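**Q** let's see this in three dimensions:
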Amino acid sequence: MPSELSISTIIQVSQISQYLANAENHKVKYFRGSVNDITLGRKIYMVRKALQRMNTLNPSESTLRQVAEYNLQLDGPYQQQALTILNSSICISPNILTQPVSQSVTSGSNVTFTVVVTGTPTISFIWMKDNVVIPGQTSNSYTVTGATLTDAGSYTVSVANGCGSVTSSPAVLTVAAGLSGDAFWGTTDYSANLLIGFDNVPYNLSFPITHGNPLSVQFPSGAANNQYIVVRYPIGEGVKTAYANAPLNNGIIPNIAFDNVITIGSFLYIFSRSGNPFSQNTLVPVFFS
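**A** Prediction:
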């Protein structure tokens with residue numbers, strides 16, 4: 001343990017040990033009726049003063065560490081108690097090393113804000129959203145699970161101990177509505193209108209989209225019986241060139257089942273060919289990739 005302590009800390013430990021030794025000598029002499037080694041406190045004092053002087057005059061002195069460790073040996077039975085007293089007396093105000101970071105997500109995502117701090121003694125954390133305390137959030141990180149539009153706002157954390165407090169910079173959470181597409185199934189063929197850029201399709205279901213992944217559309221059982229199909233999705237997802245609906249259908253778009261993928265406004269469209277209703281297995285989704 002001695003080699004783990006800095007010279008300045010050893011000096012502080014020895015100073016406290018000196019006081020403890022002198023106090024013990026006084027107690028033994030006057031309350032126990034016996035004589036203790038009254039020279040120990042004096043020895044600790046003399047070596048400590050020599051160590052202080054050496055450290056001031058030449059901190060790189062080669063024998064400095066040896067003198068320091070000898071000083072600790074003299075501290076003897078008082079060393080651990082002195083360290084405890086010293087550590088309990090150290091108080092350093094909290095300091096934020098890493099601020100929480102602003103994030104933008106789609107609804108349903110999990111978001112974690114984290115702060116990295118220093119300070120002594122133990123630090124407490126209070127997270128706030130728009131300057132309102134979030135109950136029960138007292139660690140150095142805070143997680144929003146399944147973010148909704150109402151979770152958007154400014155998040156800060158107040159960090160404190162007995163020596164002071166500091167509040168982090170605000171981290172702004174932006175939550176966008178989740179991506180989704182629309183689909184139609186029925187007996188009406190809308191391909192002619194769509195091919196001339198006219199969308200009058202009465203969509204009867206919506207489906208979620210994970211950006212960059214294939215579209216997965218779960219049609220209901222009624223769609224299995226040779227129904228016309230239209231799928232509309234945001235243009236940012238790119239043109240889908242293949243579909244699969246095991247075990248009945250799979251292929252390349254366009255082919256016998258679907259017409260060309262077209263663009264109308266900010267949407268891309270996949271739809272049945274004119275006069276060709278689509279047979280499918282509604283126990284599994286239709287995938288477009």
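
**Q** show me what the host helix or strand of residue 41 is packed up against.
**A** In this structure, residue 41 sits in helix 40-57 according to DSSP states H and E. Using 3 or more Cβ pairs under 8 Å, 6 or more residues apart in numbering; DSSP states H and E, the elements in contact with helix 40-57 are helix 7-31, helix 64-75. All C-beta spots, glycine's among them, are computed from the backbone N, C-alpha and C.

**Q** let me have those helices in CSV, adding distance to residue 147, mean pLDDT and mean neighbour count as columns.
**A** Formatted as CSV, those follow (distance: least, Cβ to Cβ, whole Å; pLDDT from 0 to 100; neighbours: other Cβ atoms under 10 Å):
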stretch, distance to residue 147, mean pLDDT, mean neighbour count
helix 7-31, 47, 74, 17
helix 64-75, 54, 83, 18
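
**Q** so can I have CSV of these showing distance to residue 270?
**A** Listed next are the helices and strands packed on helix 40-57 as CSV, based on distance: least, Cβ to Cβ, whole Å:
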stretch, distance to residue 270
helix 7-31, 72
helix 64-75, 77
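
**Q** how about low-confidence regions in the stretch 151-289 of the chain?
**A** For the stretch 151-289 of the chain, no stretch has pLDDT under 70.

**Q** touching stretch 184-194 from outside, list them.
**A** The contact list for stretch 184-194 (Cβ atoms under 8 Å, 6 or more residues apart in numbering) reads 199-205, 219-220, 222-223, 227-231, 259, 262, 264, 269, 271-275, 277.

**Q** mind running it again at 10 Å?
**A** The contact list for stretch 184-194 (Cβ atoms under 10 Å, 6 or more residues apart in numbering) reads 198-205, 217, 219-220, 222-232, 258-260, 262, 264, 269-278, 280, 282.

**Q** repeat that for stretch 128-146.
**A** 98, 100, 103, 105, 107-117, 123-127, 151-159, 167-168, 170-171, 173, 175.
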